[in-house]
Each structure stands twice: as C-alpha cells, then as structure tokens.
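In: Here's a sequence, model it:
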Amino acid sequence: MIDEPPEDAPPTFPPFSGHFFYNQALLAPGLAAPVPLVLNERVGFRAALRDLLVLHRAAPVLVEPATVIGGSLLFGCQEYLAGCHDLIAAAAPVQFVKASHRLLAACREFSGNLDGIYALQQATDGLPAESGQPGDEGVACARLKNYALPLERYFEAPPFAVRMDLERRGLLEVHLDSVYDEACRQLERFYLAALRKTSAPLFVQFARGLYRDVTRRLVPDHIFDLFRKSTTLADQRPGLLDLLPELEESVKKTSDRR
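Out: Below you'll find the model as predicted:
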C-alpha cells in the first residue's frame, strides 16, 4: 500500500486505495530483455508520484501537472515494455496486431504529454542533486537491455508471414530496441526513488532524467519523424508513429489472404 500524504498536502487527487507494486526486481544489475515487470495502473503511478512530490515539498501549483503528466509518461514506459514483450510472444496475427496497438498507444503517451512536462523538472528546484548518503548515487542497472536479440530471433522464424519492407522493418527494430532501453531506464529511476522515498537526490535524478530523456532523445529521435518536411528521400527517417502502423498492416494483409 502507498503511504497517504500528510494532512496538509494540497488537495489534488483522491487517496489511492489500491495496491502499487514497486518492481524491485527491475533494479537488479545485468538484466536483459524481456525484463521482469509487474504491471501497475495509471492511477497507481500518479498516486506514487504525487506522494514523492508532496514529500519533497514541490510547489503546490506544480503538484497536479507534474503528477498527471509524469504518471502518464511512466504508465507509457510500462505499457511500451509490455507491448514489446507481447510482440515477441505473439503466436497468431491477432495477438501480433494487439501488441502493435499497445506499442502505438504507449508511443502516443510519450508524444502526447510533452506539454507541461517541464513542471516535473521545476518540482526539483532547490533539491540537492547529490549527497554523501550510501545509495543516493543510484543503482548499477545495465544501460542496454538488448531487446534487439529476442526481436531478431522472432523475425528470423515468425509463426506467420510479416510482409513489411525489410529496410523499414530494420529501422523499426532499431527504434524498438532503443526505446526499450529508455523506458527501462525511466522506470528504474522511478522505482528506486519510490523505494527510497526520503532521498531527494534520487527523486531529482528521476524527475530531471525523465524530462531530459523524453524531450531530447525518446520523442525526437524515435517517436516522431524529425525530417518529415524534408524533400529528399535520403533525409527521411520515420519514427515509431509511422512504422508501427506499417507493421500492423503488413500482418493484416497476410491474414486477409487466408
């Protein structure tokens, strides 16, 4: 159960009465894809994040926007990982399409919550980024989870035909692998900050890291096509919002022919 915020906390959301799983296994060093993950609800992420914001005395005006947007981004990270796991476990086209839908919805969580995400970084103003306390430096989680390996194995001998252009599917695989690593990193930082909730440096690492990584790498490098307006084919670099629907359609066409 999540501890309730202090009585003088700003009245942003009703108390969360459900259970929130802290996924401590995700913090083990050396993990590789598919990583262990117990799924939490969106409201659970928001409740846990709100508790951290209140505990670390974020400005009351920032608590609600940071809670809503940060919780949605964390939920998107979780759903992205779950979608990746579903994809390589799909034994039938309908399961594959469902996994693709889940991934696309997660990508839209990333791209659709950019407005106001700065509130999450602002909430760390005045908090120490470093300290001499043991554990405040974070955990030695593997930066790369190598989702590309099980993904390549799946596409080498898929249980049904996937008729996507090979060059574009290769780019899709690169994006899927990179965002898998990014999503894991955000959840690792968050669960560590939630487990050691009194550590201001860990909360700062999470909040500033989520803002920085989503706005500077995850969305512009992998979700959107940065060169959508380019007139030269060589400069076009489609992101997951372009490629996932193509993947889904390539499987649907195969299924429709049967």
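
In: And F160, its phi and psi?
Out: Phi and psi for F160, reported as degrees, to the nearest 10, are phi -160, psi 160.

In: Run a quick neighbour tally on it.
Out: 14 (other Cβ atoms under 10 Å). Where C-beta positions appear, they are placed from N, C-alpha and C, glycine not excepted.

In: With adjacent residues omitted, what lies nearest to it?
Out: The shortest distance from F160 to any non-neighbouring residue, by Cβ to Cβ, 6 or more residues apart in numbering, is to P93 (5.4 Å).

In: Tell me the pLDDT of the one you found.
Out: On the pLDDT scale, P93 is placed at 95.

In: Kindly report the same for G138.
Out: G138 is given a pLDDT of 72.

In: wait, it sits on L192?
Out: Yes. If you go by Cβ atoms under 8 Å, G138 and L192 touch, sitting 6.5 Å apart.

In: where do the contact lists of the two overlap?
Out: L202 (Cβ atoms under 8 Å, 6 or more residues apart in numbering).

In: neighbour count winner among those two?
Out: For G138 versus L192, neighbours defined as other Cβ under 10 Å are more numerous around L192 (24 against 17).

In: who touches the more buried one in this structure?
Out: 27, 138-139, 202, 206.

In: so Q133 touches S199, yeah?
Out: Yes. In this structure, Q133 is within contact of S199 by Cβ under 8 Å, at 6.8 Å.

In: higher neighbour count, those two?
Out: The residue with more neighbours, out of Q133 and S199, is S199; 19 against 13, by other Cβ under 10 Å.

In: Correct me if wrong: the more buried one contacts A193.
Out: Yes. With contact defined as Cβ under 8 Å, S199 counts as touching A193 (7.0 Å).

In: shared neighbours, the two?
Out: Residues touching both S199 and A193 (Cβ under 8 Å, 6+ apart): none.

In: Please name the nearest non-neighbouring residue to R108.
Out: Leaving out its chain neighbours, R108 is closest to L241 (Cβ to Cβ, 6+ apart), at 7.5 Å.

In: Look up phi and psi at F20.
Out: Dihedral angles (degrees, to the nearest 10) for F20: phi -120, psi 130.

In: try E41
Out: Torsion angles, degrees, to the nearest 10, at E41: phi -80, psi 160.

In: R169: which element?
Out: helix 166-195 (DSSP states H and E).

In: Let's test this: mean pLDDT of the helix or strand just after that helix, rounded?
Out: Downstream of helix 166-195, the first helix or strand assigned by DSSP H and E is helix 200-213. Across helix 200-213, pLDDT averages out at 95.

In: Outside of helix 200-213 itself, list whatever touches it.
Out: Contacts for helix 200-213 (Cβ under 8 Å, 6+ apart): 52, 56, 66, 70, 73-74, 117-118, 120-121, 123-124, 127-131, 133, 135-138, 182, 185-186, 189-190, 192-193, 196-197.

In: Among these, name the buried ones.
Out: Among these, those scoring as buried are 52, 56, 66, 70, 73-74, 117, 120-121, 123-124, 136, 138, 182, 185-186, 189-190, 192-193, 197 (criterion: 16 or more other Cβ atoms under 10 Å).

In: still on that earlier bit, can I get the host helix or strand of the residue nearest to R108 in CSV? Just the C-alpha atoms.
Out: Using DSSP H and E, the element containing L241 is helix 240-256. Taking Å, rounded to 0.1, in the frame of the first residue of the first chain, the C-alpha atoms of helix 240-256 are listed here in CSV:
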residue,chain,number,x,y,z
LEU,A,240,7.6,4.6,-34.5
LEU,A,241,4.4,6.5,-35.0
ASP,A,242,4.9,5.9,-38.8
LEU,A,243,6.4,2.4,-38.7
LEU,A,244,4.2,0.6,-36.2
PRO,A,245,1.0,1.1,-38.4
GLU,A,246,3.0,-0.3,-41.3
LEU,A,247,4.0,-3.3,-39.3
GLU,A,248,0.4,-3.9,-38.3
GLU,A,249,-0.9,-3.5,-41.8
SER,A,250,1.7,-5.9,-43.2
VAL,A,251,0.4,-8.6,-40.9
LYS,A,252,-3.3,-7.8,-41.6
LYS,A,253,-2.7,-8.1,-45.3
THR,A,254,-1.2,-11.6,-44.8
SER,A,255,-4.1,-12.6,-42.6
ASP,A,256,-6.7,-11.3,-45.0
